[in-house]
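> let's see this in three dimensions:
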Amino acid sequence: MNPFVPITISFLIRKSKSELDKEYLIYIRIAMENERAEISTGRSINKDDWDNKAGKVNIKRKGAVQINKFLDVLKNKIYDHHTEMIKNDEYVTAKKLKERLLGTEENHRKLIETFEYHNAQMKNLLGITYSLGTIKKYNTALKHTKNFLQHQYKLKDIPLRQIKYSFITDFENYLKSIKKCNHNSTLKYIRNFRKIINIAIKNEWLTRDPFLKYQAKIIPVKREYLTKEELSQIENLKISIKRLDVVRDMFVFACYSGLAYIDISNLSKNNIRIGIDGNLWIIMEREKTKTPSNIPLLPKPHELIKKYSDFPGKRTEDYIFPAFSNQKLNAYLKEIVDLASIDKNLTFHIARHTFATTVTLANGVPIESISSMLGHKSIRTTQIYSKVVNEKVSKDMKKLKKKL
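Predicted structure coming up:
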């Protein structure tokens, strides 16, 4: 419908269907061209108290001021919806305005219900398309979104069409100031939220992208890794406590294979196979990205596989290492780093960084090969490690310049 077509909003009364009821119901009528739509206001009055000419309750009637104010609010709401629909280039009709006022539109979807539907779909694809870690991240993002809605608007849900640019910036501010999330964690939750908005746009539940002018970039984080000397210190450390000895071996294995915690936890004898060159390889699919990660087996991890072939405490005999939670591994690594007198906040993921830098890049392995072994989807992800090594080379050369 032409947005310049005049819209008329008026009020009228109709006899109640009940013969015993002498009250008349007040209706609001929306008229555009030859189309009309009527909505009951839920208010009723005596016929004699209605001013037909003014289309309002007679001012002399008790309670008239309150009812007339209510009718004005309804009229203004319809005008607001009319303006919003034109602004969003939507097709405007009297019927659509009625549906918008009553909240009965087919595309009257809400944010939380859409988010919950998305997360339920992800759960159904656990182990097929999505990992447990990814599902947990989206569940956390949903929890933050619910808490933000309650904090900012005192609402449990909100229509998708009401989400504007300010909603995103307020959400970002909430995550940083109230939930104390750091910049990068905040943007990761915003990215999860953005996926829900993109789903709404594709399904035409949302006509405009509230992210259109939103700009925020992840701040590059320094990739911590062990130097050749530090790795050697941990390898050669004499450890008498059994649990620490096992964790040290798992960490060293990761340093020479590049496997992440979840992939080492799932590593089985079936993943150790003869490769294209006739030697042993680790051949598996990364849990996180479902990409292949094929790594020639270096002497150190080969030695550790033999050491743990009949080790007790494994889930089954097929697994290479005993089961530890990631939290426990990281806690035990803090004890190990203290014993080795290394001043670094050691986590299991640092082993993967160490493989990419100290073990491979620093020894001349091409970045394309490293990217393949790490199971990266894009070589740009691997190039971060190349930058780290170049920074190290730069620092070492500066030291050499001073000596010379």
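> so this protein: which segments form each domain?
7-102, 111-202, 228-403 (automatic domain parsing).
> so which residues make contact with stretch 242-251?
234, 237, 239, 264, 304, 307-308, 311, 321-322, 324, 329, 332-333, 335-336, 339, 348, 351 (Cβ atoms under 8 Å, 6 or more residues apart in numbering). For every residue, glycine as well, the C-beta is placed using N, CA and C.
> list only buried entries from these.
Buried members of those, counted by 16 or more other Cβ atoms under 10 Å: 234, 237, 239, 264, 304, 308, 321-322, 324, 329, 332-333, 335-336, 348, 351.
> not counting sequence-adjacent ones, nearest residue to residue 148?
Counting by Cβ to Cβ, 6 or more residues apart in numbering, residue 148 lies nearest to residue 174, which is 4.9 Å off, once chain neighbours are set aside.
> again with residue 360
Residue 360's closest residue in space is residue 370 (Cβ to Cβ, 6+ apart), at 5.0 Å.
> name the helix or strand for the residue nearest to residue 372 when sequence neighbours are not counted, please.
Among residues not flanking residue 372 along the chain, residue 294 sits closest, at 7.1 Å (Cβ to Cβ, 6+ apart). Using DSSP states H and E, residue 294 falls within strand 292-296.
> next one: that strand to chain centre, how far?
Chain-centre distance of strand 292-296: 29 Å, with Cα atoms, centre = their mean, to the nearest Å.
> with stretch 176-184 instead?
That offset, for stretch 176-184, works out to 15 Å (Cα atoms, centre = their mean).
> where does the protein have low pLDDT?
Applying pLDDT under 70 to the chain flags the ranges 1-4, 18-21, 104-107, 387-393, 395-396.
> remind me, longest strand of it?
Identified as the longest strand of the chain according to DSSP state E is strand 35-45.
> so which bits of that strand are buried?
Those would be 37, 39, 43-45, for strand 35-45 by 16+ other Cβ under 10 Å.
> can you check stretch 192-202 too?
For stretch 192-202, a neighbour-count test (16+ other Cβ under 10 Å) marks 192-194, 196-197, 199-201 as buried.
> can you get me a residue count around the residue nearest to residue 148?
Residue 174 has 19 neighbours, counted by other Cβ atoms under 10 Å.
> what is the neighbour count of residue 381?
Count around residue 381 with other Cβ under 10 Å applied: 14.
> that one reaches residue 370, doesn't it?
No: using Cβ atoms under 8 Å, residue 381 is not in contact with residue 370, being 10.4 Å away.
> which strand residues bridge the closest residue to residue 275 other than its chain neighbours?
Spatially, and ignoring its direct neighbours in sequence, residue 275 is nearest to residue 281 (3.4 Å; Cβ to Cβ, 6+ apart). With DSSP bridges as the criterion, residue 281 is bridged to residue 273, residue 296.
> does residue 281 really touch residue 257, like I thought?
No: the criterion here is Cβ under 8 Å, and residue 281 misses it with residue 257 at 10.4 Å.
> okay, these two: which has more neighbours?
More crowded of residue 281 and residue 257, by other Cβ under 10 Å: residue 257, with 25 against 17.
> what distance do you get for the more buried one to residue 359?
Separation of residue 257 from residue 359 (Cβ to Cβ, to the nearest Å) stands at 9 Å.
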